[in-house]
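Undergrad: Structure for the following, please:
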Amino acid sequence: VQHPFKLAVKRSQHADIVEESLSLLKKNDATAIIQLDMTLPTLHDRSLCWLINGYHAINKPDIVKQAFFQCKAGTSFNLSFESLSSCEALQAL
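TA: Modelled structure (predicted):
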């Protein structure tokens, strides 16, 4: 779950940087140095959008099920619903 989330956040950050850089280049053709807006209110607004995009990237049942399937509980069980509610798990309890 962590890898797709981080990837979605990084892609959103990159898209914001590219968008702002292109808008600055179109506005000032003679400027050799591009100064991005790093003020706190701007980063505050953008970071919320980055987190929302990350949430939408991992808010899929198959990704969540796979994450629980990969978590192990002992040697013969994982943390998926199918494994924890199986006959073998109930007998082990």
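Undergrad: State the number of residues packed around Ala57.
TA: Neighbours of Ala57 under the rule other C-beta atoms under 10 Å: 18. Placement of C-beta: from N, CA and C, glycine included.
Undergrad: In a helix, it, correct?
TA: Yes. Assessed with DSSP: H, G, I helix; E, B strand; the rest coil, Ala57 lies in a helix.
Undergrad: What ranges in the chain fall below the confidence cut-off?
TA: Within the chain, the segments meeting pLDDT under 70 span 29-31.
Undergrad: So which residues of it form strands?
TA: Under the criterion DSSP state E, the chain contains strands at 72-73, 77-78.
Undergrad: Now do the first one: distance to the chain's middle.
TA: Right, strand 72-73. Average the C-alpha atoms of strand 72-73, do the same for its chain, and the two points are 24 Å apart (C-alpha atoms, centre = their mean, to the nearest Å).
Undergrad: what does it contact?
TA: Outside strand 72-73, the residues within contact range by C-beta atoms under 8 Å, 6 or more residues apart in numbering are 78-79, 83-84.
Undergrad: Could you identify which of the residues you listed has the most neighbours?
TA: Scoring these on neighbours with other C-beta under 10 Å, the highest-scoring entry is Ser83 at 17 neighbours.
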